[in-house]
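Peer 1: return a 3D structure for these sequence lines:
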Amino acid sequence: MAHSFSDAPDWLSRLAQGLLGLLGVYAAVRLLPRVLKSMTRRFLFGLIGEILLVALGLFLTRRATDCPPQHNSSPKQDKRS
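Peer 2: Below is the predicted model of the structure:
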């Protein structure tokens, strides 16, 4: 009898670990698809937003550097010879 009492805590801890493992698997199966869907959506929206911001910055930078300002109708000429 003393031998079974010494094994009882090990047996109970294994049972508790097994139950917690099953609960963890159940929670993962129930919650993981929702969490992954939310994370994927946030990642994709963030990625698309970053791409749009970089494209807008590139467009504005090229526009600012390629063509000189057109609002100046009479350019000054340097008459030094």
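Peer 1: residue nearest the centroid of this structure?
Peer 2: By C-alpha atoms, centre = their mean, the chain has its centre lying nearest to F43, at 4.0 Å.
Peer 1: next, the contact list for that residue, please.
Peer 2: Applying C-beta atoms under 8 Å, 6 or more residues apart in numbering, we find F43 in contact with no residue. For the C-beta atoms, the positions are set from N, CA and C on the backbone; glycine is no exception.
Peer 1: helix or strand: which one has it?
Peer 2: In this structure, F43 sits in helix 2-66 according to DSSP states H and E.
Peer 1: for that helix, the distance to its chain's centre please.
Peer 2: For helix 2-66, the gap between its own C-alpha mean and the chain's C-alpha mean amounts to 11 Å (C-alpha atoms, centre = their mean, to the nearest Å).
Peer 1: other residues contacting stretch 48-55?
Peer 2: Applying C-beta under 8 Å, 6+ apart, stretch 48-55 turns out to have no external contacts.
Peer 1: how about that stretch as CSV, C-alpha atoms only?
Peer 2: Output of stretch 48-55 as CSV, limited to C-alpha atoms (Å, rounded to 0.1, in the frame of the first residue of the first chain):
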residue,chain,number,x,y,z
ILE,A,48,-0.8,47.3,-48.6
GLY,A,49,-0.7,50.6,-46.6
GLU,A,50,3.1,50.6,-46.6
ILE,A,51,3.3,49.8,-50.3
LEU,A,52,0.9,52.7,-51.0
LEU,A,53,2.8,55.1,-48.8
VAL,A,54,6.1,54.2,-50.5
ALA,A,55,4.6,54.5,-54.0
